[in-house]
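Visitor: I need the structure of the sequence given here:
(one chain, ligands or ions: 1)
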Amino acid sequence: MTENLLANDALDRRGFMGSVGAAVLAAGVVSACDRGDGESGTADAPTSNRRNGPHPPKLTGSADWEDVRAQFDLSEDTIHMSAMLISSHPKPVREAIERHRKGLDRDPVTYLEANNSSGLNAARSAAGNFLGVGSGRIALTDSTTMGVGMVYNGMQLAPEDEILSTEQDYYVTIEAIRQLSKRTGARVRRIVLYERTETLSPDEAVARILAGINPRTRVVALTWVHSSTGYKLPAGAIGDAIEKINSSRPQERRIVFALDGVHGFGVEDVELSDLRCDYLMAGCHKWLFGPRGTGIIVAGEQGYAPLIPSIPSFLESGAFTSWVTDNGDAGPNNAQRMTPGGFQAFEHKWALLDAFEWIQSIGKSRVAARTYELAGQLKEGLRSIDAVTVQTPASSRESAGIVAFDIEGLSPNAAVARLRERKIIASVAPYAIPHVRLTPSIRNTPAEIDEVLRVIRQMA
Ligand SMILES: Cc1ncc(COP(=O)(O)O)c(C=O)c1O
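Guide: Take a look at the predicted model:
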């Protein structure tokens, strides 16, 4: 129905208004329940979450780790230490995707009409619940990369402004701020955050970021957990320091603090208020074990009004109304407008609710503790091998689940290839200084860590 409506663009839209407006809403592409939500960036979206009401309850974790592992369909002959790349879906997520896939395959249009905005808004509510914010702060994306791209692409800067980032940030942030600079003329300044992670205290990290800020700085673009070294930024302390500077600036010169949060999200037991950032972008298809092709943007108290959306939304009825009435005013930006429209792999988007419910049923604090425990076991074992240099800090204050290291005499690519021959999935990313990365997560066991260490000892 929407395609027909979009294809009718050549016709007089104003003449069409009555029937078209009603048809769009009736089609469920945007439902009446979405109207007016989240304009302030803080409101909860009304949802028709089919099982739990507006917010899934926080469940108390009691599952044992063998039960958790049994939820995954992972091949048994391989040790999968790759949670930082792409998720294997746990059973409740697989089942939800399958249920929605069947519904869509049986009756694509009416199933979509019945589930579209309610399914998306239920996922937004669950994400908000997970991070301690209302769903009016949550935009849904396909990935971290899409969220990072949309946030930086949405910023309005002037040629005299500066964007601050570091040499340790990932390609996705660096490329997005390069595009932002190209579009607006604002200059990118990149500082060296550390030479080696073990020499960087949280205070020193904050001091280095502060030293890179000057009166021209309008954006601080950082990554919560570095995918090269596994170093975890003291994001909250950096956010506090930026807020202090902002308190003496006029609103229009405020520094916006944006964070690629993907390697902390789903591991760390924190809420948005702990991170003190204006925008957090994360994929849900890594450490959260959510459906592949899902991600979120989370806004701080200022909401989305300062950003311009890049992709037309199907979730915001105001955007459709302004089109059909041709009034040219889509209203202030909000989380719905920051959620890209278009027909999508809806079964994955809707099953995001089940992923949040699943991880909440284990318990955020237990997930964090288990990930630290496994990563700690791995780091301690690696440190005891002479030919291995561990790049990731030992403390969970400065690290999460990524464990990065080098083996003397073996390039990271060669080491990863040798590990894969032994059925251990490690990875290496195309940073200027690459390292081998193993990423233990709640789907791994202490026995698997021991086996990995045994193999690396032989290799080294
Ligand atoms: C820091 C960082 N950000 C973003 C990405 C890409 O995430 P996504 O697949 O969700 O776009 C990666 C790696 O996959 C990464 O290491």
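Visitor: which parts of the stretch 1-150 of the chain sit against the ligand?
Guide: By Cβ under 6 Å from any ligand atom, the residues of the stretch 1-150 of the chain that approach the ligand are 143-145. C-beta: built from backbone N, CA, C; applies to glycine.
Visitor: let's see it at 8 Å
Guide: Proximity of the stretch 1-150 of the chain to the ligand (Cβ under 8 Å from any ligand atom) is limited to residues 84-86, 142-148.
Visitor: now those: which count as buried?
Guide: Using 16 or more other Cβ atoms under 10 Å as the burial test, those include 84, 142-148 as buried.
Visitor: distance check, the residue lying closest to F405 once chain neighbours are set aside against the ligand.
Guide: Spatial nearest neighbour of F405, excluding adjacent residues (Cβ to Cβ, 6 or more residues apart in numbering): V390 at 4.7 Å. For V390, the distance to the ligand equals 19 Å [Cβ to the nearest ligand atom, to the nearest Å].
Visitor: all helices of the stretch 151-300 of the chain, in order?
Guide: Assigned by DSSP state H, counting those that start in this stretch, the stretch 151-300 of the chain shows helices spanning 171-184, 202-212, 235-247, 272-275.
Visitor: how far does the second one sit from its chain's centre?
Guide: Pointing back at helix 202-212 there. Relative to its parent chain, helix 202-212 has a centroid offset of 24 Å by Cα atoms, centre = their mean, to the nearest Å.
Visitor: any idea of the mean pLDDT in that helix?
Guide: Averaged across helix 202-212, pLDDT comes to 97.
Visitor: can you check the last one too?
Guide: The predicted model assigns helix 272-275 a mean pLDDT of 98.
Visitor: does it come close to the ligand?
Guide: No - counting by Cβ under 8 Å from any ligand atom, the ligand has no neighbours in helix 272-275; the shortest distance is 14.9 Å.
Visitor: so which strand or helix has E357?
Guide: helix 352-362 (DSSP states H and E).
Visitor: which residues sit in contact with whatever residue of the chain ends up closest to the ligand?
Guide: With Cβ to the nearest ligand atom, the shortest gap between the chain and the ligand falls at G283, namely 2.5 Å. Neighbouring residues of G283 by Cβ atoms under 8 Å, 6 or more residues apart in numbering: 143-145, 147, 262, 265, 294-295.
Visitor: and the residues of the stretch 1-150 of the chain next to the ligand, which is closest to L112?
Guide: Checking these against L112 by Cβ to Cβ gives D142 as the nearest, at 17.8 Å.
Visitor: per-residue pLDDT, the nearest residue in space to the closest one that is not next to it in sequence?
Guide: Excluding its sequence neighbours, the residue lying closest to D142 (Cβ to Cβ, 6+ apart) is G293, at 5.2 Å. With respect to pLDDT, G293 has a value of 98.
Visitor: how many neighbouring residues does the closest residue in space to E398 that isn't next to it in sequence have?
Guide: In space, and not counting its chain neighbours, E398 is closest to K232: 5.3 Å by Cβ to Cβ, 6+ apart. Neighbours of K232 under the rule other Cβ atoms under 10 Å: 27.
Visitor: put the alpha carbons of the strand of greatest length in the chain into PDB.
Guide: Ranked by residue count and defined by DSSP state E, the top strand of the chain is strand 217-223. The C-alpha coordinates for strand 217-223 follow below in PDB (Å, rounded to 0.1, in the frame of the first residue of the first chain):
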ATOM      1  CA  THR A 217      35.600  22.200  19.700                       C
ATOM      2  CA  ARG A 218      31.900  21.400  19.100                       C
ATOM      3  CA  VAL A 219      32.000  17.600  18.900                       C
ATOM      4  CA  VAL A 220      34.000  14.900  20.800                       C
ATOM      5  CA  ALA A 221      33.700  11.700  18.900                       C
ATOM      6  CA  LEU A 222      35.000   8.600  20.800                       C
ATOM      7  CA  THR A 223      34.700   4.900  21.100                       C
END
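Visitor: average model confidence for it?
Guide: 98.
Visitor: and it, what does it pack onto?
Guide: Helices and strands touching strand 217-223, as assessed by 3 or more Cβ pairs under 8 Å, 6 or more residues apart in numbering; DSSP states H and E, comprise strand 162-166, helix 171-184, helix 235-247, strand 256-260.
Visitor: can you say which of the ones you listed is packed in most?
Guide: strand 256-260 (a mean of 27; mean count of other Cβ atoms under 10 Å).
Visitor: that one: how far from the chain's middle?
Guide: For strand 256-260, the distance to the chain centre is 12 Å (Cα atoms, centre = their mean).
Visitor: what's that strand in contact with?
Guide: By Cβ under 8 Å, 6+ apart, the list of residues contacting strand 256-260 from outside reads 144, 148, 151-152, 155, 169-170, 172-173, 218-224, 235, 238-239, 242, 275-282, 306.
Visitor: touching the ligand at all, that strand?
Guide: Yes - contact of strand 256-260 with the ligand (Cβ under 8 Å from any ligand atom) involves D260.
Visitor: that strand vs helix 235-247, what angle?
Guide: Between the axes of strand 256-260 and helix 235-247, defined by axes from the mean of the first three to the mean of the last three Cα atoms, to 10 degrees, the angle is 160 degrees.
Visitor: wait, K379 sits on T392?
Guide: Yes - with contacts counted by Cβ atoms under 8 Å, K379 reaches T392, the gap being 6.2 Å.
Visitor: okay, now the unreliable bits of the stretch 301-450 of the chain?
Guide: Nowhere does the stretch 301-450 of the chain drop to pLDDT under 70.
Visitor: all strands for it, in order.
Guide: In the stretch 301-450 of the chain, the strands defined using DSSP state E, counting those that start in this stretch lie at 388-390, 403-407, 424-425, 436-438.
Visitor: and the stretch 1-150 of the chain, by the same measure?
Guide: Per DSSP E, counting those that start in this stretch, the stretch 1-150 of the chain carries strands over the ranges 79-80, 138-141.
Visitor: now, of the ones you listed, which is deepest in the fold?
Guide: strand 138-141 (a mean of 28).
Visitor: what helices or strands is that strand leaning on?
Guide: Using 3+ Cβ pairs under 8 Å, 6+ apart: strand 138-141 touches helix 108-131, helix 144-153, strand 295-299.
Visitor: dump those into CSV; add distance to K102 as well.
Guide: Formatted as CSV, the helices and strands packed on strand 138-141 follow (distance: least, Cβ to Cβ, whole Å):
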stretch, distance to K102
helix 108-131, 9
helix 144-153, 27
strand 295-299, 25
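Visitor: most packed of the ones you listed?
Guide: Ranked by mean neighbours (mean count of other Cβ under 10 Å), the helices and strands packed on strand 138-141 are led by strand 295-299, with a mean of 28.
Visitor: that one: how far from the chain's middle?
Guide: In terms of Cα atoms, centre = their mean, the centre of strand 295-299 is found 6 Å from the chain centre.
Visitor: which outside residues touch it?
Guide: So strand 295-299 is contacted by 41, 127-128, 131, 133, 137-144, 146-147, 150-151, 262, 272, 278-285, 335, 338 (Cβ under 8 Å, 6+ apart).
Visitor: farthest pair in the contacts of G283?
Guide: T145 and F265 (14.0 Å).
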